[in-house]
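Visitor: Mind folding the following:
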Amino acid sequence: MNQTLIHKDGRVLAAIDPSVYAESVATLAAWAAQRMGSELELMHAIDLVADRVATPERRDLSGNLSLGTQESLMSELAQADEQRAKLAQAHGRMLLQQLQTDVAADRGVTALIRQRHGALVDTLLDLEDQVRLFVIGKRGEHADFAKGHLGSNLERVARAVHRPVLVASRAFRPVDRFMIAFDGSATTRTCVEMVAASPLLRGLACHLLMVGAERSEHRQSLDWAAERLTQVGFEPQIQIVAGAPETVIAQQVEQSSIDLLVMGAYGHSRIRTMILGSTTTQLLRNCQIPVLLLR
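Guide: Numbers count the residues shown, from 1 in each chain. As a prediction, this is how the structure comes out:
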């Protein structure tokens with residue numbers, strides 16, 4: 001395989017925001033850093049533009065004001081934005097410091113902390129060369145939990161970055177067994193190779209699932225994957241189950257008490273970027289466990 005797809009240096013970077021996922025993201029990232037022998041960084045990106053979009057729109061009546069009143073109002077609004085930026089920075093710093101203390105006490109991991117200004121995707125792409133694994137929450141502070149929406153940042157990040165992305169569920173739980181959703185494609189074969197080459201999941205119980213009919217070519221693909229994983233010490237349990245992938249995978253995750261799901265990530269092409277109803281999106285939305293996205 002292409003060895004450039006496996007990055008064996010760099011840190012684990014956790015994207016932190018003031019959401020209910022912050023603690024789970026930090027703890028999962030600390031777990032991953034320990035498993036991989038990597039440094040851990042907790043990073044908070046302050047994106048005031050996104051915050052404005054997420055808040056109710058204010059009607060602009062400045063055109064109806066006299067020149068002096070308009071200038072005074074614009075000055076006050078600028079001061080309010082500056083104050084809001086300072087509050088966001090202070091809040092983010094406190095959150096990072098608290099999580100830094102928590103992972104040190106709970107996991108024995110010393111984490112670096114960093115704040116950046118700008119859109120999260122741009123920030124992560126800017127830092128990508130220093131990173132081995134990204135960790136992000138399924139939903140952010142502005143997600144609609146009632147409708148089961150994914151965080152918009154998650155989808156953008158998963159489609160944009162070139163490093164593996166570990167998506168945290170709402171609450172952390174110990175990871176003892178994982179499942180690879182395998183379909184025999186080049187993408188999922190690369191997933192198998194990356195799992196085999198990384199210490200992240202080494203020593204954990206391994207399940208290998210193919211959704212489809214029982215055919216010789218499917219069995220041959222699964223046998224290849226099982227043999228590759230066996231070569232590095234895994235003892236994979238193999239299954240072929242017919243049905244719709246998003247339904248079957250979710251069912252097998254629950255029935256087998258899987259703690260972490262490994263899947264192929266989104267593609268980078270513009271056409272694939274517009275596919276909103278993909279199996280990846282459905283499983284990210286419905287699975288209540290962490291998902292490791294590889295490409």
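Visitor: Give the full set of residues in contact with residue 164.
Guide: 132, 133, 134, 194, 292, 293, 294 (Cβ atoms under 8 Å, 6 or more residues apart in numbering). Every C-beta, even on glycine, is put in place using the N, C-alpha and C of the backbone.
Visitor: switch to 10 Å and redo it
Guide: By Cβ atoms under 10 Å, 6 or more residues apart in numbering, residue 164 lies in contact with 5-7, 32, 131-135, 191, 194, 198, 200, 262, 265, 292-295.
Visitor: quick one: buried residues of stretch 117-130?
Guide: 120, 121, 123, 124, 127, 128 (16 or more other Cβ atoms under 10 Å).
Visitor: just curious, which of those is nearest to residue 234?
Guide: The nearest member of the buried residues of stretch 117-130 to residue 234, counting by Cβ to Cβ, is residue 128 at 28.4 Å.
Visitor: Spatially, and excluding backbone neighbours, which residue is closest to the most centrally placed residue in the chain.
Guide: Compute the mean C-alpha point of the chain, and by Cα atoms, centre = their mean the closest residue is residue 167, 3.1 Å away. In this structure, residue 167 finds its nearest non-sequential neighbour in residue 291, 4.5 Å apart by Cβ to Cβ, 6 or more residues apart in numbering.
Visitor: helix or strand right after the biggest helix by length in the chain?
Guide: Of all the segments assigned as helix in the chain under DSSP state H, the longest by residue count is helix 67-107. Moving toward the C-terminus from helix 67-107, the first helix or strand encountered (DSSP states H and E) is strand 111-117.
Visitor: how far off strand 111-117 does the helix or strand just after that next one point, in degrees?
Guide: The first helix or strand that comes after strand 111-117 along the chain, using DSSP H and E, is helix 120-127. In terms of direction (axes from the mean of the first three to the mean of the last three Cα atoms, to 10 degrees), helix 120-127 departs from strand 111-117 by 120 degrees.
Visitor: Which secondary structure elements does helix 120-127 sit against?
Guide: strand 11-16, strand 40-46, strand 111-117, strand 131-137, helix 152-160 (3 or more Cβ pairs under 10 Å, 6 or more residues apart in numbering; DSSP states H and E).
Visitor: No further questions, thank you.
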